[in-house]
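**Q** From the sequence below, what's the structure:
(one chain, ligands or ions: 2)
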Amino acid sequence: MALTSSHQAGIDIKVRKPSFDFTSVPEIWLSTAQTSHFMNALSVFIPATERLVIDILRRRIPGVHNPQLRVEVLQLIKQEGTHARLHRLANQQLAEAGFSAIEGLTHWQVKAFEFLIKFMPTSFVTSIPAAMEHFTVNISRAVLIEQKYWQGNTEENEAVRFLIWHAGEELEHQAVCFDVYREFGHKPLWFSLSLILFWMPLSALSTYLVQGYFLAKSRRLKTLTDWRRWAGFIGDSLPLFFSGAWKYCRKGYTPWTKDQLRLLQNTNSDKVP
Ligand SMILES: [Fe+2]
Ligand SMILES: [Fe+2]
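**A** Ligands and ions are numbered 1, 2, ... in the order given. Model (predicted):
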């Protein structure tokens, strides 16, 4: 591979260090309780997930022979390190607000990841960063394109600013982990199958369960209307987990379509919104 997907599209993966103060974020910081607690559930999983992505990529760097791809991996690692640190801060605020299960959930997530790394074949482990990026970019795109659905009429707050900024960086480095997977000669078909058979159901189930915990704990699952709202949200958001798995098998696949490039340009992660 002479050029990486990102380089070919003229993408520069930059390291930025903005700061956010989560101390006065309201409980409903997006359009509804459902959207807010969905993002809170993802936030619970993000620090350990970013850590896993970073660890796997660090171990794969010696096998990456494309010098441009190496640079991009190192930039991605730095971006993800910042994301993990900021999500830990956000999660601390959630724990202080009474969502005390966060620490235990992270503990079990780490144990599950340790099990996967130990017992799954190398090709599967190499595909994990690309699988994680598949979901983060699906969710990021939705947040950036469907701002009315996610943000509604909420007043601007630090959590929203952080979400939009993080989504922009996820978009920016979306091609890197799949380029690494291909650099190791692994087949796109196995990647697509691992998404469909394993990661898609697991990610959806674990996220909705934790979202349910947040909703129940904040007394937003008390009436039939509450449950209907949650079911409606699940129906709306399921495609974020279950779409796009086969696109990786297309010959010459690159995520950088004209629409994606335009979305990234409009997002401008250099400026925190
Ligand atoms: Fe990230
Ligand atoms: Fe990422």
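
**Q** hey, let's count contacts and neighbours off CA atoms from now on
**A** Fine.

**Q** which ones are touching residue 167?
**A** The neighbours of residue 167, taking C-alpha atoms under 8 Å, 6 or more residues apart in numbering as the test, are 136-137, 139-141, 143-144.

**Q** any chance of those in a markdown table, with distance to residue 165 and neighbour count too?
**A** Written out in a markdown table, the entries for the contacts of residue 167 read as follows (distance: C-alpha to C-alpha, whole Å; neighbours: other C-alpha atoms under 10 Å):
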| residue | distance to residue 165 | neighbour count |
| --- | --- | --- |
| 136 | 13 | 21 |
| 137 | 13 | 21 |
| 139 | 13 | 20 |
| 140 | 10 | 21 |
| 141 | 12 | 21 |
| 143 | 11 | 18 |
| 144 | 10 | 21 |
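
**Q** Looking at those, which one is closest to residue 119?
**A** residue 136 (24.8 Å; C-alpha to C-alpha).

**Q** For the residue most central in space within the chain, pull up the helix or strand it's in.
**A** Within the chain, one residue has its C-alpha closest to the average C-alpha position: by C-alpha atoms, centre = their mean, that is residue 136, at 2.5 Å. For residue 136, the enclosing helix or strand under DSSP states H and E is helix 122-145.

**Q** Helix or strand next in line after that helix, which one?
**A** With DSSP H and E, the next secondary element past helix 122-145 is helix 147-151.

**Q** How far away from the center of its chain is that next one?
**A** In this view, helix 147-151 has its centroid 18 Å away from the chain centroid, taken as C-alpha atoms, centre = their mean, to the nearest Å.

**Q** got it, and stretch 148-160?
**A** Here the centre of mass of C-alpha atoms in stretch 148-160, compared against the chain's by C-alpha atoms, centre = their mean, lies 19 Å away.

**Q** so the residue nearest to the centre of the chain makes contact with residue 170?
**A** Yes: with contact defined as C-alpha atoms under 8 Å, residue 136 reaches residue 170; the gap is 6.6 Å.

**Q** Could you give the average pLDDT over the helix holding residue 136?
**A** Here helix 122-145 scores 96 as its mean pLDDT.

**Q** swap in stretch 26-34?
**A** The average pLDDT for stretch 26-34 rounds to 97.

**Q** Sort out which residues of it are buried, please.
**A** Neighbour-count burial for stretch 26-34 flags 29-34 (criterion: 16 or more other C-alpha atoms under 10 Å).

**Q** helices or strands up against the helix holding residue 136?
**A** Contact partners of helix 122-145 among helices and strands, from 3 or more C-alpha pairs under 8 Å, 6 or more residues apart in numbering; DSSP states H and E: helix 33-60, helix 158-172, helix 176-183, helix 188-194, helix 224-242, helix 258-267.

**Q** Between helix 176-183 and it, find me the angle.
**A** Relative orientation of helix 122-145 and helix 176-183, computed by axes from the mean of the first three to the mean of the last three C-alpha atoms, to 10 degrees: 150 degrees.

**Q** which sections of the stretch 151-273 of the chain are below the confidence cut-off?
**A** Counting by pLDDT under 70, the stretch 151-273 of the chain has low-confidence residues at 268-273.

**Q** okay, the angle between the helix ranked longest in the chain and helix 33-60?
**A** Taking DSSP state H as the assignment, the helix of the chain that covers the most residues is helix 67-96. For helix 67-96 and helix 33-60, the angle between their directions (the same axes, to 10 degrees) works out to 140 degrees.
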